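Q: Mind looking at a prediction? Sequence and model below.
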Amino acid sequence: MALVSRRTLQRLIRENAAFTTLAQRERQAAALNRANAESLSVEWEILVLNGLSRLVAIRHEVSVGKRFPDVLAHLGTGETAETFVADIATVFADANEELNPIHAFSEDLRKRAKKMGLTGNGFQIDARGSRQGQPRKQRMVLKVPAKRDFPRVFDQFVRPFLVQCVSKPGTSGETTVITDTLDFTIGYHPGRTTTGMSYPSYTTNYSVTHNTIFNALKGKAAQLRATAFDGPRGVILCGADVNLSRRQTVFGLEAITNEFFRQNKSLAFILSLWVPQRKGGVMPYKTDLYENPAAPHPLGVGSRSALLRLAAQLPQPLEDGVNAVNQLDFWRWKKGKYFYGWKRESRYMVEISARVLVQYLAGQIDRQGFLEALNDNGKVVPVFERRLKHGQLLTDITFRREPDQDDDWVVFHFGEPDPAMAPIKPE
C-alpha cells in the first residue's frame with residue numbers, strides 16, 4: 001500500500017474490530033481504497049491504534065466532552081489506574097511539494113523519454129535551490145519548473161538532449177539548464193534501471209512556528225481542549241514526507257515542541273513516529289516522546305512506558321515516509337506494490353511475480369510488457385528462453401507466499417538438459 005502492505009492493513013483492521021465499530025472500519029477501508037493522501041493518514045491511524053491496543057486498553061472515537069478523540073486509553077487498576085486521551089495527526093509537506101515538484105518532474109521526464117524510444121530509466125536529476133521569504137519564515141524553493149511549465153521546459157531545454165541520447169544508444173551524457181528561475185542538471189546513464197534525484201532538503205523547517213508540524217499540533221490541541229478531559233492529553237504525531245527528527249539543521253521537532261508547549265500548557269505530551277529515508281537494510285520506525293513540564297496533568301509512569309514501547313509493536317515498514325507519499329501518485333501501486341521488475345534466477349530455478357504471471361495469462365500485458373516486468377531487456381536472452389537454449393525442461397512449479405507483501409513468488413524448477421530438447425550424448 002504505502003508504509004505496509006494491503007494484506008497487513010487488512011489483518012490489522014480485523015484485529016482492531018475488538019475496539020472499533022463497523023462504521024469506523026468501513027470509513028477506514030474506503031479511504032485506503034482511494035489510495036490518496038488521506039489513505040496514508042488512515043494507514044498511520046490503523047497502525048497506531050493496533051500498536052497501542054497491544055499495550056493498553058483503548059477506545060476509539062468515543063464521546064469525551066464535546067469531541068471524539070482518536071484514543072481514550074486505560075491501564076492499571078485501582079489506585080494505580082491511569083488514563084489519557086490522544087489524537088493522531090499525520091503531517092505532510094504539501095505546500096512544499098507544490099513549490100518543489102521535483103518528483104513530478106522526474107516522472108514527467110520518464111514518461112516523455114519513453115515516448116521518444118528510451119526506456120525511461122537511467123536518469124539522474126540534480127537540482128539546486130535557494131531560501132525564499134522573510135527571515136525566520138523562510139522555506140527552500142528548488143529551481144525546477146512548476147508543473148504548468150513542464151511542457152515548455154521540456155521542449156525548450158530537455159528534448160534536444162534526449163534526441164542526442166536516442167541517437168547515441170548506450171552512451172552516457174548530461175545537460176545543465178540555468179535561467180533566472182531554473183538550475184538543474186539531467187544526466188543519462190543507460191546501464192541503470194532506476195532514476196535518481198539529489199536536491200537541498202525542502203522539508204527542513206526554517207521557522208519554529210511557520211511550518212506544517214506546528215500547524216498540525218495547533219489544530220489538535222484545540223480539539224483536545226474541547227474534550228475537557230481531566231487527565232493527560234497528547235498528540236501522536238506521524239510523519240509522512242516530513243522529517244520528525246529531534247534536531248535538524250535549523251528547527252527540529254524539539255525546538256518546535258518547546259515553543260508549542262510554551263503556548264499550549266493544556267497539552268501534556270507529543271509522541272513522534274516516522275520512518276526515515278532508507279539507507280540500506282531494515283527500515284526501523286523512529287520515535288521520540290516530548291513532555292510538557294507545565295502541563296496540569298502529566299503522564300503517569302505506565303502511560304509513559306506504553307508510549308515509548310509503541311513503535312516496537314508496529315509491523316515492519318516496507319517503505320520510508322517519502323517513498324510512501326510518492327507511491328500514492330503512481331498508478332502501478334494503487335492496488336499494492338508487487339514484484340514488478342524483480343526475478344530470481346539460478347541454473348535450476350526461476351522465481352517471478354505471481355501477479356505479473358496472472359496479468360500475462362489474462363492478457364493484461366503482452367510479451368514485451370512481461371519481459372519488462374521481469375527486467376529482461378533486449379540486450380540479454382530472456383530468462384525462460386535461456387532455459388530452453390540449454391535444453392532444460394520444467395520439472396516442478398511451486399508457490400511461495402509472502403503474507404506481509406502484496407505479491408507472491410511462482411517458482412519454476414528446471415532439471416538437467418533433457419534429451420527431449422538437448423543434444424543426445426554418446427553415453
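A: Great, that's in hand. Numbers count the residues shown, from 1 in each chain.
Q: which residues are contacting stretch 99-112?
A: 97, 120-121, 123, 125, 127, 129, 139-142, 144-147, 150, 154, 158-159, 162, 186, 195, 197, 199, 202, 326, 329-330 (C-beta atoms under 8 Å, 6 or more residues apart in numbering). (Glycine included, C-beta is placed from N, CA and C.)
Q: Quick check: mean pLDDT of stretch 123-139?
A: The average pLDDT within stretch 123-139 is 82.
Q: Can you give me the buried ones in that stretch?
A: Phe123, Gln124, Ile125, Ala127, Gly129, Gln138, Arg139 (16 or more other C-beta atoms under 10 Å).
Q: Provide the contact partners of that stretch at residue level.
A: 96, 99-100, 102, 105-106, 109-110, 113, 140-144, 174, 183-189, 195-200, 202, 206-208, 210.
Q: Now for Phe370: which residues touch it?
A: Neighbour list for Phe370: Val356, Tyr360 [criterion: C-beta under 8 Å, 6+ apart].
Q: Which element, helix or strand, includes it?
A: Using DSSP states H and E, Phe370 falls within helix 367-373.
Q: Next secondary structure element downstream of that helix?
A: helix 383-389.
Q: Give me the distance between that next one and the centre of its chain.
A: 36 Å (C-alpha atoms, centre = their mean, to the nearest Å).
Q: ok, now stretch 387-405?
A: Relative to its parent chain, stretch 387-405 has a centroid offset of 30 Å by C-alpha atoms, centre = their mean.
Q: ok, now stretch 24-31?
A: On C-alpha atoms, centre = their mean, the centre of stretch 24-31 falls 20 Å from the chain's centre.
Q: Just the buried positions in it, please.
A: Neighbour-count burial for stretch 24-31 flags Gln24, Gln28, Ala31 (criterion: 16+ other C-beta under 10 Å).
Q: Save these as CSV, and put in secondary structure, distance to Ala2 and pLDDT too.
A: Converted to CSV, the buried residues of stretch 24-31 look like this (DSSP: H, G, I helix; E, B strand; the rest coil; distance: C-beta to C-beta, whole Å; pLDDT from 0 to 100):
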residue, secondary structure, distance to Ala2, pLDDT
Gln24, helix, 20, 97
Gln28, helix, 14, 96
Ala31, helix, 12, 93
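Q: from those, which is closest to Ala17?
A: Within the buried residues of stretch 24-31, distances to Ala17 taken as C-beta to C-beta reach their minimum at Gln24, with 9.5 Å.
Q: What separation is there between the closest one and Ile46?
A: Note on Gln24: its distance to Ile46, by C-beta to C-beta, to the nearest Å, is 10 Å.
Q: so what sits against both of those two?
A: Shared contacts of Gln24 and Ile46, defined by C-beta under 8 Å, 6+ apart, are absent.
Q: Just the closest of the buried residues of stretch 123-139 to Ile424, please.
A: Phe123 (49.7 Å).
Q: would you list every one of the strands in the stretch 51-200 of the chain?
A: 57-59, 71-75, 82-91, 123-127, 129-132, 139-142, 173-178, 183-188, 196-198 (DSSP state E, counting those that start in this stretch).
Q: List the buried residues in the first one.
A: Pointing back at strand 57-59 there. Those would be Ile58, Arg59, for strand 57-59 by 16+ other C-beta under 10 Å.
Q: So which elements touch that strand?
A: strand 71-75 (3 or more C-beta pairs under 8 Å, 6 or more residues apart in numbering; DSSP states H and E).
Q: same thing but 10 Å
A: Strand 57-59 is packed against helix 37-53, strand 71-75, strand 82-91, with contacts defined by 3 or more C-beta pairs under 10 Å, 6 or more residues apart in numbering; DSSP states H and E.
Q: now the longest one against strand 71-75, angle please.
A: On the basis of axes from the mean of the first three to the mean of the last three C-alpha atoms, to 10 degrees, helix 37-53 is oriented at 10 degrees to strand 71-75.
Q: Can you check what angle separates helix 37-53 from strand 82-91?
A: 160 degrees.
Q: average pLDDT for helix 37-53?
A: 95.
Q: Report how many residues lie close to Thr395.
A: By the criterion of other C-beta atoms under 10 Å, Thr395 has 12 neighbours.
Q: Quick check, central residue of the chain?
A: Ala324 (1.3 Å; C-alpha atoms, centre = their mean).
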